[in-house]
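Peer 1: Need coordinates for the below:
(2 chains)
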There are 2 protein chains.
Amino acid sequence: MNIFEFEIIKKDEKSSARAGLLNTSHGQINTPVFIPVGTYASIKTLCSKEMEDLGAEMILGNTYHLYLRPGHKLIERAGGLHNFMSWKKPILTDSGGYQVFSLNPLAKVNEEGVSFKSYLDGSIHQFTPEKVIEIEHSLGADIIMPLDECIPYPSSYPFTKRATDFTMDWAKRSKFEHEKGEDKEKQTLFGIIQGGIYPNLREFCANFMVDLDFSGLALGGLSVGEPSEMRFELVELTLSFLPEDKPRYLMGVGTPEDIVEGVCRGVDMFDCVLPTRNARNGTIFTRKGKMIIKAARYAEDFSPIDENCGCLACKNYSRAYIRHLFQSGEIAGLRLATIHSLYFYLNLMKEIREAIVRGVFAEWKKNFLEEYNARGLKETQ
Amino acid sequence: MNIFEFEIIKKDEKSSARAGLLNTSHGQINTPVFIPVGTYASIKTLCSKEMEDLGAEMILGNTYHLYLRPGHKLIERAGGLHNFMSWKKPILTDSGGYQVFSLNPLAKVNEEGVSFKSYLDGSIHQFTPEKVIEIEHSLGADIIMPLDECIPYPSSYPFTKRATDFTMDWAKRSKFEHEKGEDKEKQTLFGIIQGGIYPNLREFCANFMVDLDFSGLALGGLSVGEPSEMRFELVELTLSFLPEDKPRYLMGVGTPEDIVEGVCRGVDMFDCVLPTRNARNGTIFTRKGKMIIKAARYAEDFSPIDENCGCLACKNYSRAYIRHLFQSGEIAGLRLATIHSLYFYLNLMKEIREAIVRGVFAEWKKNFLEEYNARGLKETQ
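Peer 2: A predicted model of the protein is given here:
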């Protein structure tokens, strides 16, 4: 298998779900895969050794954040992001597009790129497609993403069209820039499909990206506040324009239900801050839905978060203890909640892959969603 | 060996240092021992499994904090502090005296005990010697401490005398209360010697505590702001009144130098928040003194904190990476710094024990202090 070759191992018969293998310079990834987010070169509260123990196959670094701090050149001098954070498996870096637009309401965009103010010192920076590729070459991730304009929901058709046009033009420039690079065979570039909620723009953009022959295709702007039903209609529509033999990445998604629904429609890759961010707020993902660990009902509940779970938190600590750590502001609480939630997500992906390979995905999905949505622990949403 | 028997394995010939074994209901401790502080049933940023990995032999729980949150009765219902926090080795609980007095400037003390306001809800609480023993019985630590009045530095002779008198009376009442308990053979009570900076009060209090025949003797009020020279004169003086065959515990001490000096004078047990608290502020203890990891000089220093150290942080991460985590407010930075500092302290104790057993403590001490105090990394006091 060549570097960045994608191989489909098994297709589900009753849905578009597929199990695959994606090769990278830092080893193989089993798909469907969930990619934990390590914004500042750390999955919040954890270090890379713990991510290995949890069985993560790939992690994500945020280009925008790492560019601002500690700077891509410093990371390049450290031998790249893998060396800097001591992570030997594959890494994906996003393009910074989402952050520039969502964190900088005053960002100025034109065909050249986007300008924004650093939240650290107020200095002005410009991301162009070429600049972002330069930064991502310094970071050295296995899979890199081109600058795109993330489109908020709701947005008008003219606004969406203009942003999608920029994204398409930037994708072309990014590809050109990437292919000039010396190490282009160690990193691969995906294309990002925008188009907002407009089917014809999604179709046009999808066809454009397919024609550019990226090694993978990402669906952008699909967890930006739109209703979940609309999201999956757009996912289904967009995927219908894509070749089967390229990996498909649904960026920034999502809840366990979102992931299952995405897999069902043919998505291979997901990333999301949800399990880690929610965990730090005391909302823990479990097979039986979300658990608000600070709830008074857990004060004297000496059972683990999930007695069938094999994570460090569940094997050693009780709900009462973890609740107490949260109540006392102890960092160990944030960590144990994060560890459980990531373990749950990563094992969810393993189960999904196994179910697809064994040809029982439809049944598995039904059972999983029933258990996940049954009253049980579900306390919010 | 009976529970709580203390056995001296080797005495140093050139100093009062000794290596020993202290038996408890939860196993043996090698002395001299450093006891990391787990205020709220967590060594801050870590969980008990990590403390095991670090090789901690015993940890300390704060009676004052655990009484207020989550409450000793809850911990009793969890099966005691060992079960609650999933820590199988010995635990020591302090008496809360230090916290009541240092955290509650308005605490009211009389011969009965001390009253204070909860910092959580403003409610009024009273600690009497009997109440503290009741709380510590609920917590179930192996070694428990009686309520004492911690004397600030400087304090007048009359103030110090009155406080020392209370401490002595409370020690007697604590012993009586403890010995009424059903499980008294599973927990053992130490005596605390106060007396401030006044030699005759230290002597009187020491003799009083020796006569009460506690299974160990603690030196209290000796890291409360007094000059280090005075501290060790008082340690030396006080230890001279104690029998050789009981373990001696210097409470709340201290820096690596303090520990070496204490051992040299015959101290067997130490606890201190210094390695963990300093680590969270970015000050890391190393063989070559303290390292201020946020310093600009480490921004591109891709070597580990200490290349000869075997801790998780040093084996995997660079100074530059850990500095970046601190600069970015990442919890992983606090953890890696804590892990290194505790590993350093715990291995320091191992080295001290080995040096005593091998009969080379004096030489070891000289070499250690030379390296620790040499310019090298030493950047602050």
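Peer 1: ends of stretch A:59-72, how far apart?
Peer 2: 17 Å (CA to CA, to the nearest Å).
Peer 1: Read off the pLDDT value for the one residue in the stretch 101-250 of chain A that gets nearest to chain B.
Peer 2: Among all residues of the stretch 101-250 of chain A, A:Leu120 sits closest to chain B, at 9.6 Å; criterion: CB to the nearest CB. In this view, the C-beta of every residue, glycine as well, is placed from N, C-alpha and C. Among the per-residue scores, A:Leu120 holds a pLDDT of 92.
Peer 1: go on, A:Lys378?
Peer 2: Note for A:Lys378: predicted pLDDT of 50.
Peer 1: again with A:Ala295
Peer 2: With respect to pLDDT, A:Ala295 has a value of 98.
Peer 1: Could you check how many residues crowd around it?
Peer 2: A:Ala295 has 14 neighbours, counted by other CB atoms under 10 Å in any protein chain shown.
Peer 1: In the stretch 151-300 of chain A, what residue lies closest to chain B?
Peer 2: A:Glu300 (6.2 Å).
Peer 1: Give me the distance between the closest residue to A:Leu106 other than its chain neighbours and A:Val224.
Peer 2: Closest residue to A:Leu106 apart from its sequence neighbours, by CB to CB, 6 or more residues apart in numbering or on different chains: A:Lys117 at 7.0 Å. A:Lys117 is 22 Å from A:Val224, where distance means CB to CB, to the nearest Å.
Peer 1: ok, now A:Cys264?
Peer 2: 21 Å.
Peer 1: Up against chain B, what does chain A have?
Peer 2: Neighbours of chain B within chain A, by CB under 8 Å from any CB of the partner chain: A:40-42, A:44-49, A:65, A:69-70, A:74, A:77-79, A:84-86, A:299-300, A:302, A:312, A:316-318, A:320-321, A:324-325, A:327-328, A:330-336.
Peer 1: contacting residues for A:Gln126?
Peer 2: A:Gln126 is in contact with A:Glu112, A:Gly113, A:Val114, A:Ser115, A:Phe116, counting by CB atoms under 8 Å, 6 or more residues apart in numbering or on different chains.
Peer 1: returning to that earlier point: so who does the closest residue in space to the residue of the stretch 101-250 of chain A closest to chain B that isn't next to it in sequence touch?
Peer 2: Using CB to CB, 6+ apart and skipping the chain neighbours, the partner closest in space to A:Leu120 is A:Leu68 (5.8 Å). By CB under 8 Å, 6+ apart, the residues touching A:Leu68 are A:Ser118, A:Tyr119, A:Leu120, A:His125.
Peer 1: Take those residues and keep only those in strands.
Peer 2: A:His125 (DSSP state E).
Peer 1: Extract the residue ranges of the stretch 201-350 of chain A that are flagged as low pLDDT.
Peer 2: Along the stretch 201-350 of chain A, segments meeting pLDDT under 70 are nowhere present.
Peer 1: for stretch A:36-56, how far is the first residue from the last?
Peer 2: 8 Å.
Peer 1: Can you tell me which of the residues of chain A next to chain B are buried?
Peer 2: A:40-42, A:44-48, A:65, A:69-70, A:74, A:78, A:84-86, A:302, A:312, A:316-318, A:320-321, A:324-325, A:327-328, A:330-336 (16 or more other CB atoms under 10 Å in any protein chain shown).
Peer 1: Are we agreed that A:Ala218 is in a strand?
Peer 2: Yes - counting by DSSP: H, G, I helix; E, B strand; the rest coil, A:Ala218 is found in a strand.
Peer 1: Near it, how many other residues are there?
Peer 2: The local packing of A:Ala218 (other CB under 10 Å) involves 28 other residues.
Peer 1: returning to what we had before: neighbour count for the contacts of A:Leu68 - can I get that in TSV?
Peer 2: Formatted as TSV, those follow (neighbours: other CB atoms under 10 Å in any protein chain shown):
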residue	neighbour count
A:Ser118	13
A:Tyr119	11
A:Leu120	10
A:His125	17
